[in-house]
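Peer 1: pasting the sequence and the predicted model now:
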Amino acid sequence: MSGYLSYFWARRAEILALTGEHLLLVLVSTLLAVAIGVPLGVALTRRPRLARPVLGFANVVQTIPSLALFGFLIPMPLIGGVGARTAIVALIVYALLPILRNTYAGIRSVDPAVLEAATGIGMTPGQRLKSVELPLALPVVLAGVRIATVVSIGLATIAAAIGAGGLGVLIYRGVAIVDHRLILAGAVPAALLALAADAGLGALEKRMSG
Amino acid sequence: MSGALSSVIEFRAVRKAFAPGQPVLDGLSLEVADGETLALVGPSGCGKTTALKLVNRLLDHDGGDVLVFGRDVRGEDPIALRRRLGYVIQEAGLFPHWTVRENVEAVPRLLGWPREKAMTRSAELLDLVNLPAAEYGERRPRELSGGQRQRVGVARALAADPPVLLMDEPFGALDPIARRAMQREFLDWKKRLGKAVLLVTHDLREAFRLADRVAILDRGRVRQVGTPRQILDAPADDFVRDFVSDELPIS
């Protein structure tokens, strides 16, 4: 055990730098996924007939193996190529479904009596969305963001395969030279990040629903 | 032109169907006079809630006219119209993430009242419904009993001092004791405020207790409208006679 610790300690600068890269990949992709997924989820509640096909499509996209998706994206113009940009696009694709689905479900779960009261006292549709629907859906939306974040932290390790950096770099290098200490130097911080994100966003979610 | 001066709400041969050939309202004509409480009563499916929702344009009618203060509601901006009409629904429909005070101040805030004025007003109304702001103002709806929530619903509807209240089964979700207490309070508010009230209820007993006049609806039409006394003493037809004897078996 102490052997591992001193091994990690000796590589702390590199581990820290790669953790930073990793976090940046996850942060940027999750924020963009929220920026796309929440408005799209709201739009689906306004057009319920589109909800099934759109959510179904997002579900199917989710089943594409991540390594394959990274590979598909490389030759794409604008969003493709080798590097962080392509990885972020792929991570957005995976983060989108939980955020979209939870936004849709969260808004649909608002008590119809509350909505009728909001309309009946003279709120405009915009006021109703901003001051009633979104606040009441917030805990469910946040649960989606939490799932998306935790999944992205794991997936982002694969992004190293297309030169996007992050903790996956250590894992791939470890696999290549069959050094499990190196694999763990990437995997352990990634797992800790995922646990921390889960706990932190979980606590926020609880406060919002309290 | 009957009652053109004093009628607050008027239905003229109103028709409404949700599906072709299945009218919910089939030539409904009715007037609510200023300061009067008129109850719409009838079996479920008679169109009473639909009629009420035409007034604040939660629904739009297909034919005939619905007038509020003599003006066709279809010519009004629905948002502005709703802010002028107090609206109370079953289960109150309070905003669960807002405090009691914030709920009561909802319409004044939509109307852009200054904070001070809205707070004075909400304190006044919470007093009226026996939920003093100092004790209840900062609570959330889930911390209240059903009867207390319903009182907050009434206070919210009264906040901007609307000349008309629309009440859709306001006490329908309450247990008999709370319901009776709310009915007594309603009579007290009514005397003090002098507002026109259109009350929808399935409970004839409640209608007789609370309303000045009662309209018995059946399949989208008025069978009889009159004071409780008139309906008891001279039912207009067999339907009314049967409805009254079913609902009030003792009398």
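Peer 2: Yep, that arrived. Predicted model, so just to flag it, every value in this text is computed and none were measured.
Peer 1: A:L55: which element?
Peer 2: In the assignment (DSSP states H and E), A:L55 maps to helix A:48-62.
Peer 1: next, the buried residues of that helix.
Peer 2: Residues of helix A:48-62 classed as buried: A:51, A:54-55, A:58 (neighbour count, 16 or more other CB atoms under 10 Å in any protein chain shown). Any C-beta I mention is one placed from the backbone N, CA and C, and that applies to glycine too.
Peer 1: check stretch B:118-136 too.
Peer 2: Using 16+ other CB under 10 Å as the test for burial, stretch B:118-136 gives B:118-119, B:121-123, B:125-126, B:128-129, B:131, B:133, B:136.
Peer 1: before we move on, back to that, tell me the one of the buried residues of helix A:48-62 nearest chain B?
Peer 2: A:A51 (22.7 Å; CB to the nearest CB).
Peer 1: would you mind measuring from that closest one to A:I107?
Peer 2: 11 Å (CB to CB, to the nearest Å).
Peer 1: so for those two, which residues contact both of them?
Peer 2: A:T45 (CB atoms under 8 Å, 6 or more residues apart in numbering or on different chains).
Peer 1: quickly find the element holding residue 149.
Peer 2: Picking chain A for this. helix A:134-155.
Peer 1: could you do chain B instead?
Peer 2: Using DSSP H and E, the element containing B:R149 is helix B:146-158.
Peer 1: what residues does the following helix or strand past that helix touch?
Peer 2: From helix B:146-158 onward toward the C-terminus, using DSSP H and E, the following helix or strand is strand B:164-168. Residues from elsewhere that reach strand B:164-168, judged by CB under 8 Å, 6+ apart: B:8-9, B:32, B:49, B:52-53, B:55-56, B:68, B:84-90, B:157-158, B:195-200.
Peer 1: which ones among those residues map onto strands?
Peer 2: Among the contacts of strand B:164-168, the members found in strands (DSSP state E) are B:8-9, B:32, B:68, B:85-89, B:196-200.
Peer 1: near chain A, from those?
Peer 2: B:87, B:89 (CB under 8 Å from any CB of the partner chain).
Peer 1: how about a markdown table for the ones in strands among the contacts of strand B:164-168, with distance to A:S6, neighbour count and pLDDT added?
Peer 2: Listed next are those as a markdown table, based on distance: CB to CB, whole Å; neighbours: other CB atoms under 10 Å in any protein chain shown; pLDDT from 0 to 100:
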| residue | distance to A:S6 | neighbour count | pLDDT |
| --- | --- | --- | --- |
| B:V8 | 85 | 24 | 93 |
| B:I9 | 83 | 25 | 95 |
| B:V32 | 85 | 27 | 95 |
| B:V68 | 81 | 22 | 94 |
| B:L85 | 75 | 25 | 94 |
| B:G86 | 73 | 27 | 93 |
| B:Y87 | 70 | 28 | 95 |
| B:V88 | 71 | 25 | 93 |
| B:I89 | 68 | 24 | 90 |
| B:A196 | 83 | 23 | 94 |
| B:V197 | 80 | 26 | 96 |
| B:L198 | 80 | 26 | 96 |
| B:L199 | 79 | 26 | 96 |
| B:V200 | 77 | 24 | 96 |
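Peer 1: closest to chain A out of the ones in strands among the contacts of strand B:164-168?
Peer 2: Closest approach to chain A among the ones in strands among the contacts of strand B:164-168 (CB to the nearest CB): B:Y87, at 4.0 Å.
Peer 1: list the contacts of the closest one.
Peer 2: A:117, A:120-121, B:56, B:157, B:165-166, B:168.
Peer 1: go again with 6 Å.
Peer 2: Neighbour list for B:Y87: A:120-121, B:157, B:166 [criterion: CB atoms under 6 Å, 6 or more residues apart in numbering or on different chains].
Peer 1: just want the angle from the helix holding A:T149 to helix A:48-62.
Peer 2: Angle between the axes of helix A:134-155 and helix A:48-62 is 20 degrees (criterion: axes from the mean of the first three to the mean of the last three CA atoms, to 10 degrees).
Peer 1: ok so, going back, who does the helix holding B:R149 touch, helix- and strand-wise?
Peer 2: On a contact count with 3 or more CB pairs under 6 Å, 6 or more residues apart in numbering or on different chains; DSSP states H and E, helix B:146-158 meets strand B:85-89, helix B:100-104, helix B:115-128.
Peer 1: ok, the most centrally placed residue in chain A to B:G21 distance?
Peer 2: In chain A, the residue lying closest to the centroid (CA atoms, centre = their mean) is A:A148, at 3.1 Å. As for A:A148, its distance to B:G21 is 49 Å (criterion: CB to CB).
Peer 1: what packs against the biggest helix by length in chain A?
Peer 2: Longest helix in chain A, counting residues (DSSP state H): helix A:12-46. Using 3+ CB pairs under 6 Å, 6+ apart as the contact test, the elements touching helix A:12-46 are helix A:48-62, helix A:84-108, helix A:134-155.
Peer 1: tabulate those helices (CSV), appending mean pLDDT and distance to A:I15.
Peer 2: Formatted as CSV, the helices and strands packed on helix A:12-46 follow (pLDDT from 0 to 100; distance: least, CB to CB, whole Å):
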stretch, mean pLDDT, distance to A:I15
helix A:48-62, 90, 30
helix A:84-108, 94, 18
helix A:134-155, 95, 15
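Peer 1: chain B: which of those helices is closest?
Peer 2: Set against chain B and scored by CB to the nearest CB, these come closest in helix A:134-155, at 5.1 Å.
Peer 1: contacting residues around the closest one?
Peer 2: Residues contacting helix A:134-155 (CB under 6 Å, 6+ apart): A:26, A:29-30, A:33, A:66, A:91, A:94-95, A:98-99, A:102-103, A:106-107, A:110, A:193-194, A:197-198, A:201, A:205, A:208-209, B:97.
Peer 1: again with stretch A:47-64
Peer 2: A:44, A:93, A:97, A:100.
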